[in-house]
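A.B. asks: I would like the atomic coordinates for the input below:
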Amino acid sequence: MELVDGFDPLPVSSADEKAFGFQVIKKTLLDMFPSVTVAPGICVGNTDSRHFRNLTSDIYRFSPLWFKRGDPPRIHGINERISKKNYEDCVQFFFSLIQNFDIQKLPDSHSSVHEL
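C.D. replies: Residues are numbered from 1 along each chain as shown. This is a model prediction of the structure:
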């Protein structure tokens, strides 16, 4: 095999208690869905995020979708769809996320409430 075209992977984004972006995403999720556990993970898809690497050192690839049995195989496949409720939650999440980013300091940590 020969690589004809490619690019380096993005650096790992910060996800600690001082990571502004991660903490705002976490706050938004916990405000909407108080019973979820928020933890960093991986994005197996190749997103357009690589085009933003010169703008920031932390790029978070995230979509607040609920998956039920049978949903994952439909991603970019035959009969791709999500429920109306899932779509509404997604729109509400991003609306709240944009509002939550309009702050000057990190939000209060939820970690004391959600420790394992």
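
A.B. asks: going forward, measure contacts and count neighbours with C-alpha atoms only.
C.D. replies: Will do.

A.B. asks: out of everything not next to it in sequence, what's closest to the residue nearest the centre of the chain?
C.D. replies: The centroid of the chain falls nearest to Phe62 when counting by C-alpha atoms, centre = their mean (2.1 Å). Nearest residue to Phe62 in three dimensions, chain neighbours excluded: Cys43, at 7.8 Å (C-alpha to C-alpha, 6 or more residues apart in numbering).

A.B. asks: What separation is there between the residue nearest to the centre of the chain and Ser13?
C.D. replies: 12 Å (C-alpha to C-alpha, to the nearest Å).

A.B. asks: mind checking the longest helix of this structure?
C.D. replies: Secondary structure of the chain read by DSSP state H shows that its longest helix is helix 84-100.

A.B. asks: Which of the residues in that one are classified as buried?
C.D. replies: Judged by neighbour count using 16 or more other C-alpha atoms under 10 Å, the buried positions of helix 84-100 are Asp89, Cys90, Phe93, Phe94, Ser96, Leu97.

A.B. asks: and Thr47, how many neighbours does it have?
C.D. replies: 9 (other C-alpha atoms under 10 Å).

A.B. asks: now the one 3 residues further on
C.D. replies: Around Arg50 sit 14 other residues, with neighbours defined as other C-alpha under 10 Å.

A.B. asks: which non-adjacent residue is nearest it?
C.D. replies: For Arg50, the closest residue by C-alpha to C-alpha, 6+ apart turns out to be Leu10, at 6.7 Å.
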